[in-house]
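Peer 1: pasting the structure only:
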């Protein structure tokens, strides 16, 4: 199986990291050429063969996501493995914005560019996690992230977490579209049986997004979280693959 080396060559060629949104036409051409050389065209439609082509045999599916690259398209979005090269410079601003981070555990610690870069690198190296950027097809704008993991390979299940960091994109259904997109990768490409999500009870928008993406609410954890100094329930949601429902 091919392994994606996260932008090291591109960074070396261009004198430092650069987000896709900020690339010059020449840099974008260089980046696309580099991806094509590795068999990973940047605008690839559908689940990327870097993961998908090796997973046809259910009994021999890989049991590690470390270093692998994936991409999937939806109606208005592109999801692709998040790297230093394609993430927006606005990422740190999302995490530092109290409205965006209200229901994120990152709100409890200081966020730095160095810390974010290390987190992205750790996700790329993880054998149980797939961290993907959410990009608008138009202008390839990075508006958020969605994460699958950690994967329990024994039981064929994983958690999903999502952030739509660009507040101008709230309330437009991008969350549901991204969740459905990642579920296709989880079920059809990686071969998982079940994906799970947890939400603060007060995070109505997140819960709505998951329910619209065919998740079912499976339980409530009373007083699991603390928000503004007060206990708040946790909501458990899950979705089964079509194989499991038939």
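Peer 2: Yes, it's here. Note that the coordinates shown come from a computational prediction; the quantities given were computed from them, not determined experimentally.

Peer 1: Can you list the low-confidence ranges for the chain?
Peer 2: Along the chain, the model assigns pLDDT under 70 to residues 1-24, 27-63, 67, 246.

Peer 1: Only the buried residues of the strand or helix carrying residue 132, if you could.
Peer 2: According to DSSP states H and E, residue 132 maps onto strand 130-136. The neighbour-count check on strand 130-136 (16 or more other CB atoms under 10 Å) flags 130-135 as buried. The way it works is simple: take the backbone N, C-alpha and C, and place the C-beta from them, glycine included.

Peer 1: mind checking how far the nearest residue to residue 214 once chain neighbours are set aside is from residue 115?
Peer 2: Nearest residue to residue 214 in three dimensions, chain neighbours excluded: residue 239, at 5.5 Å (CB to CB, 6 or more residues apart in numbering). Residue 239 sits 31 Å away from residue 115, going by CB to CB, to the nearest Å.

Peer 1: The two - which one has more neighbours?
Peer 2: residue 239 (22 against 14; other CB atoms under 10 Å).

Peer 1: From the buried residues of strand 130-136, pick the one nearest residue 121.
Peer 2: Among the buried residues of strand 130-136, residue 131 lies closest to residue 121 (CB to CB), at 10.2 Å.

Peer 1: Can you name the residues that contact the closest one?
Peer 2: 81-82, 120, 123-124, 145, 147, 149 (CB atoms under 8 Å, 6 or more residues apart in numbering).

Peer 1: how about these in a markdown table, adding neighbour count?
Peer 2: Shown next, in a markdown table, are the contacts of residue 131 (neighbours: other CB atoms under 10 Å):
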| residue | neighbour count |
| --- | --- |
| 81 | 24 |
| 82 | 25 |
| 120 | 22 |
| 123 | 22 |
| 124 | 24 |
| 145 | 23 |
| 147 | 18 |
| 149 | 18 |
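
Peer 1: mind listing which of the residues you listed are in helices?
Peer 2: Those of those mapping onto helices are 120, 123-124, per DSSP state H.

Peer 1: which of the residues you listed lies closest to residue 66?
Peer 2: Closest to residue 66, out of all of the ones in helices among the contacts of residue 131 and judged by CB to CB, is residue 124, at 7.6 Å.

Peer 1: mind listing what's buried in stretch 169-186?
Peer 2: Buried residues in stretch 169-186, counted by 16+ other CB under 10 Å: 169, 174-186.

Peer 1: residue boundaries of the helices in this protein?
Peer 2: 8-14, 25-37, 49-52, 91-96, 113-125, 174-184, 204-212, 242-245.

Peer 1: Hmm, residue 175 and residue 209 touching each other?
Peer 2: Yes: the criterion here is CB atoms under 8 Å, and residue 209 meets it with residue 175 at 3.6 Å.
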